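K.L.:
Quick one: sequence and predicted model below, then my questions.
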Amino acid sequence: MRLIPAPNGNEVKKFRVAGSDRLRIARPTVSGMVTAGASLILLAVASVVLLIPTVFYVVPIPPHANAITLCLPGIGPLQRFRDDLLGEEEERTYIHEGVHADQCRRYGATWYARQIGSPEGRLTLESQALCAEVTVFSRRGADPGRLLDWAEETLASEYFDDGSVSRDDVALAVEAACAEVSGDLELQLRSTSDPVGHVS
């Protein structure tokens, strides 16, 4: 009796022992089982990686959000925006989510997931994104003091209204992030101001 082996070589093989009528069964090798196990794990991971983007694009955007950014290993940032964004709101949203996409690409999905999973990390992510908005609009002539106040209030009331981060920590994070995003924003804007303090 002769059996044709399967392509992977991990099948049970039967062969006759020389000088005997007994059949012996050869069991799959350890390396064959490890290969099969690794293949199953890889298939499961690939399925999950493909499933997450599909779900991401099907599930509705939360009503309080203008957009969402998801950072996936091996894929990078995935983004969705509300269809009804217009004018300045649309521009602010694209600036904000652009920072999150850059954070994902620059630091990776593991770092991004750790940050978003803790109040302190989320404060870092969101303060950088809001400060990018502050920088763009202040360079166009908007009052930087009001923009910084707006960024602090937005963080405190929309992102951390549960009290998980204190107002003082929010203020410090905004100050640090805005200095990092645009250099010292106040000094930079003062250098383009007239002696009375109005932006020229």
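P.N.:
Done, it's in.
K.L.:
what's the host helix or strand of Gly121 packed up against?
P.N.:
According to DSSP states H and E, Gly121 maps onto helix 119-139. On a contact count with 3 or more Cβ pairs under 8 Å, 6 or more residues apart in numbering; DSSP states H and E, helix 119-139 meets helix 87-107, helix 109-116, helix 144-154, helix 167-182, helix 185-190. The C-beta positions use only the backbone N, C-alpha and C, and glycine is treated the same way.
K.L.:
Reformat those as CSV; add mean pLDDT, mean neighbour count and distance to Gln79.
P.N.:
Shown next, in CSV, are the helices and strands packed on helix 119-139 (pLDDT from 0 to 100; neighbours: other Cβ atoms under 10 Å; distance: least, Cβ to Cβ, whole Å):
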stretch, mean pLDDT, mean neighbour count, distance to Gln79
helix 87-107, 93, 16, 6
helix 109-116, 92, 16, 13
helix 144-154, 92, 17, 20
helix 167-182, 86, 18, 20
helix 185-190, 44, 15, 26
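K.L.:
how near is Ser127 to Asp102?
P.N.:
14 Å (Cβ to Cβ, to the nearest Å).
K.L.:
quick one: contacts of stretch 78-91?
P.N.:
Residues outside stretch 78-91 that contact it (Cβ atoms under 8 Å, 6 or more residues apart in numbering) are 53, 56-57, 61, 65-72, 93-94, 97, 100-101, 136.
K.L.:
relative to helix 167-182, how tilted is the helix holding Gly121?
P.N.:
Relative orientation of helix 119-139 versus helix 167-182 (axes from the mean of the first three to the mean of the last three Cα atoms, to 10 degrees): 50 degrees.
K.L.:
buried residues in helix 119-139?
P.N.:
122-138 (16 or more other Cβ atoms under 10 Å).
K.L.:
backbone phi and psi for Ala142, please?
P.N.:
Torsion angles at Ala142 (phi, psi; degrees, to the nearest 10) stand at phi -70, psi 150.
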